[in-house]
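Student: quick one: sequence plus predicted model below, questions after.
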Amino acid sequence: MDLVNMTNGTNSTTSPEEELTGVLGTVDLVLTTVTLVVIMIGMGCTQTLNDLGKVLKRPFGIIIGFVVQFFLMPLVGFGLAHAFNLPDALAISVVIVTCCPGGSMSNIFAYWARGDISLSICMTTCSTILAIGMMPLCIFMYSSGWTDEDSKIEIPYVSVATSLATILAPTAVGMLIKWKFSKISEPLTKVCSIFGLIGIFTGIGLRAYANPEVYISTWETWVVAAILPPIGFTLAFLIATSIHFNYSKRRTAGIECGCQNVSLALTIINLSFPPGPLRADMQIIPSIYGPLMGVEAGLFALCCQFYFRVCQTKSKADELDQTKEDIAALYGSNFGTTTDNDEKKLKELEMTGYTNTEVDVSDEKNSGDVVIDNIEENERKEDDTTGNETNSSEVTLQI
């Protein structure tokens, strides 16, 4: 069945988007906008230009996001639509969702999962920019089997630009706060992150209350919407593992690729298809995917919080992987992976005790930077015979 025949239906059923009108619609729009802005201000309070510069100098995490979000996930969506024999409208909406870049929601969950916020912000920003060219290509390639030759799916470039603005402008404000008022940046980050979570789940509940009929769908629809976020997470996590990213960056890459920009997907559907049963059906997948993505990412972040609070300190594997990446950066290797020379240097450092550290996870600072600073300091003092030990409030070196 092609889209021309489907769009000629006479049924005047209104879509879930159109039913959310009046006061309820205004509250939802304001809440979503304010939540995104507050989240990104909070994330900006954890960053400096130097933090973002480190990610951009070694952009392999950004490359992972590009490959997963614009090559692997659209292919996965295409395969799932065929495997579950979804109706044409639902199949197209699956493809549209999987072709979308990462959204700001990934940043807040990366924060709560103790991820790398610099990497998360850079991945979100870069994927949104790349979406300008990649989304039309991916949607054309993977939706052609369900669309008519005369059908055209519009890419909302204004919405893409708006998404960029809601990422970059509040982040810049947060970074300015950290620069000028560093004492309040940490508590402000926690307040913003808590507000962000409340705003996200309040919005989910509000839409569910306004449009309960959206959630009365077949089990195939629910399964496809439910497994898309874990698939994106797993693909990115495995690729990050294969290039020896530390666990913090692996979690971040996974969350970023498992959280697509649902608002952008809904905007594409609304711009491309006229009001009617077709548009209403196409909104089902994004409307189910969004809440499930939030719940799944929230549960993952909760598990990470539980793990770190119970263990009290970073795991030895996480600590060693971070040290390896820092050695690679310090001695000139690419993308945070270690060469044979790096491994040799690491063994020398282990013999001298430089990597025997214990880091309190309640401190949000990147322990790797502290390790590098201490390594350099000890190398400068190599000939010093005083025997004094250098102590830090964040890292204790055992030499």
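Tutor: Great, that's in hand.

Student: so which bits of the helix or strand where residue 67 lies are buried?
Tutor: Using DSSP states H and E, residue 67 maps to helix 60-67. The neighbour-count check on helix 60-67 (16 or more other CB atoms under 10 Å) flags 60, 61, 62, 64, 65, 66 as buried. Every residue, glycine included, has its C-beta placed from N, CA and C.

Student: quick one, what contacts the residue nearest the centre of the chain?
Tutor: For the chain, the residue nearest the mean C-alpha position is residue 256 (2.2 Å; CA atoms, centre = their mean). Applying CB atoms under 8 Å, 6 or more residues apart in numbering, we find residue 256 in contact with 65, 102, 106, 110, 119, 120, 123, 124, 127, 236.

Student: now do residue 237
Tutor: Per CB under 8 Å, 6+ apart, neighbours of residue 237: 250, 251, 253, 254.

Student: name the SS class of the residue nearest to the first one when sequence neighbours are not counted, please.
Tutor: Going back to what we said before, that points to residue 250. Among residues not flanking residue 250 along the chain, residue 240 sits closest, at 4.3 Å (CB to CB, 6 or more residues apart in numbering). Secondary structure, DSSP: H, G, I helix; E, B strand; the rest coil: residue 240 is helix.

Student: state the pLDDT value of residue 240.
Tutor: Per-residue confidence (pLDDT) for residue 240: 95.

Student: ok, back up a step: what comes into contact with the helix holding residue 67?
Tutor: Outside of helix 60-67, the residues within contact range by CB under 8 Å, 6+ apart are 55-56, 102, 116, 119, 122-123, 126-127, 130, 236, 239-240, 243, 245, 249, 252-253, 256-257, 334-336.

Student: which of those are buried?
Tutor: Buried members of the contacts of helix 60-67, scored by 16+ other CB under 10 Å, are 55, 102, 116, 119, 122-123, 126-127, 130, 236, 239-240, 243, 245, 249, 252-253, 256-257, 335-336.

Student: okay, and which of those map to helices?
Tutor: Taking DSSP state H as the definition of helices, the buried ones among the contacts of helix 60-67 contribute 55, 119, 122-123, 126-127, 130, 236, 239-240, 249, 252-253, 256-257.

Student: and the residue lying closest to residue 125 once chain neighbours are set aside, how many neighbours?
Tutor: Spatially, and ignoring its direct neighbours in sequence, residue 125 is nearest to residue 167 (5.5 Å; CB to CB, 6+ apart). Residue 167 has 24 neighbours, counted by other CB atoms under 10 Å.

Student: on that earlier part again, what two of the ones in helices among the buried ones among the contacts of helix 60-67 are the furthest from one another?
Tutor: The largest separation in these, counting by CB to CB, is between 130 and 249 at 19.6 Å.

Student: low-confidence stretches in the stretch 151-300 of the chain?
Tutor: Across the stretch 151-300 of the chain, the ranges flagged by pLDDT under 70 are 151-152.

Student: and residue 251, how far is that from residue 297?
Tutor: Distance, residue 251 to residue 297, by CB to CB, to the nearest Å: 11 Å.

Student: also residue 245?
Tutor: On the measure of CB to CB, residue 245 and residue 297 end up 19 Å apart.

Student: kindly report the same for residue 29.
Tutor: For residue 29, the distance to residue 297 (CB to CB) stands at 23 Å.

Student: who's more crowded, these two?
Tutor: residue 297 (25 against 12).

Student: please give the element, helix or strand, for that one.
Tutor: Element membership for residue 297, per DSSP H and E: helix 284-311.

Student: for that helix, packing partners?
Tutor: When contacts are defined as 3 or more CB pairs under 8 Å, 6 or more residues apart in numbering; DSSP states H and E, helix 284-311 packs onto helix 88-98, helix 105-112, helix 182-210, helix 219-242, helix 247-258, helix 262-272.
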